[in-house]
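J.: Quick check, what structure comes out for this input:
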Amino acid sequence: ADGQGSVMMLAGLVDWAEGATSTDDPMPPAPAPGRTDPITATVAAVGSAAKRAGGLGVQAVKEIPSSAKNLATRPRQTTTEAVRMATSAARMMRVHREPLSPSMTERGTTYSSRTMDVGFGPMRAAAKRYGGRLNDAFLAAIMGGLRRYHELHGTQVGKLRVNVPVSLRIDGQDASSNAVSIARIELDAGEEDVATRFREASAVVAKARQEPMLPFADLAADASRLLPVGVIAEVAKTSDITASNVPGLPAKVWIGGVRLERLYPIVPTMGAAANITMLSYAREHCSVGVSMDDAAIRDPEVFMECLAEGFAEIGATLEPHPLDPLAR
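T.: A predicted model of the protein is given here:
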């Protein structure tokens, strides 16, 4: 399952009311008139982003059978579309020789994990302040933190290559399926102006979502299996960061009578120096899970402190003890 599918499955495993037990009806009571039950709200919340991208994938698939007919009746337009798809494929499948970071260059076989807590309200406020979305705030904060990390290591950083999962999930799709494609974008971590970072994140991600070949990325992935494993691994290592923002459960839930305080996403690095994934919970917390390649980032505590400063820089007030959620 992808991130959204995992949240949808989790919604069916937890209790939505205090005092519920495993012998109770797992479904919450019928909602009052004008209100939505929590599970429906969860599916709606995690599917909102998918609806924006899903239409692109569905439309592209629908157009495949008519390609041959179009070539006979509209050769010029069909040829233009073919060139557009080929150009998009070349952009998405371009092979890079090395990561863009001047310091996070090594890759190993193990990684370390850390977590961080940021308030959901402050993140939303920061996004509104700069005229962007929550995902724009997330990426702008990460880039600010990475700039600080490179400065501490005596290097100047410019653009970094970022893996961004893009959902192509459509309504009614099985939660256990994977409906995510990976867009590889470049963002300027050296940019000090927060507003500029917001605008760049919004524009670059929007452009990546519109790649004609994005819905067919899985086909390219299947074809890549014909390549030697070592080649695939080396290509994956040319990404600097993987960054993912996953909408989580919209309300507080319980497990076995115990209230769930936080949800932390711990995700493999996917060949990058680090995977930074943010998962919202109850519209109160944004819990961030960070997996760091031990060879690329040898000082994980410093890396986490720099990320925390990046969130603070955009105005997203950190929760008490943001790097140690169990301190309370």
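J.: Just the helices from the stretch 151-300 of the chain, written as ranges.
T.: With helices called from DSSP state H, counting those that start in this stretch, the stretch 151-300 of the chain shows them at 194-209, 217-224, 229-236, 300-313.
J.: Which of these comes out lowest on mean pLDDT?
T.: Lowest mean pLDDT within those: helix 217-224, a mean of 57.
J.: In the chain, mark out all the strands, start to finish.
T.: Assigned strands in the chain, in chain order: 111-119, 159-167, 180-188, 241-246, 254-255, 258-259, 274-281, 285-293 (criterion: DSSP state E).
J.: Enumerate every residue touching the closest residue to residue 192 other than its chain neighbours.
T.: Nearest non-adjacent residue to residue 192, counting by Cβ to Cβ, 6 or more residues apart in numbering: residue 147, 7.2 Å away. To be clear about C-beta, it is placed using only N, CA and C from the backbone, and glycine gets the same treatment. Residue 147 makes contact with 157, 189-192, 310 under the criterion Cβ atoms under 8 Å, 6 or more residues apart in numbering.
J.: ok, 7 Å please
T.: Residues near residue 147 by Cβ atoms under 7 Å, 6 or more residues apart in numbering: 157, 189-190.
J.: So residue 237 is in contact with residue 271, correct?
T.: Yes. Using Cβ atoms under 7 Å, residue 237 and residue 271 qualify as a contacting pair, with a distance of 4.8 Å.
J.: Nearest to residue 305 among the strands of the chain would be which one?
T.: strand 111-119 (9.8 Å; Cβ to Cβ).
J.: Pull out the buried positions in that closest one.
T.: By 16 or more other Cβ atoms under 10 Å, the buried positions in strand 111-119 come out as 111, 114-119.
J.: do stretch 126-142 as well
T.: Applying a neighbour-count criterion of 16+ other Cβ under 10 Å, one finds 126-127, 130, 132-142 buried in stretch 126-142.
J.: Quickly name whichever of the residues you listed is closest to residue 324.
T.: Ranking the buried residues of stretch 126-142 by separation from residue 324, with Cβ to Cβ as the measure, puts residue 141 on top at 19.0 Å.
J.: Tell me the spacing between that closest one and residue 7.
T.: Residue 141 is 22 Å from residue 7, where distance means Cβ to Cβ, to the nearest Å.
J.: How about residue 310?
T.: Between residue 310 and residue 7 the distance is 25 Å, computed by Cβ to Cβ.
J.: pLDDT wise, what is the residue nearest to residue 192 at?
T.: At residue 147, the predicted lDDT confidence score is 97.
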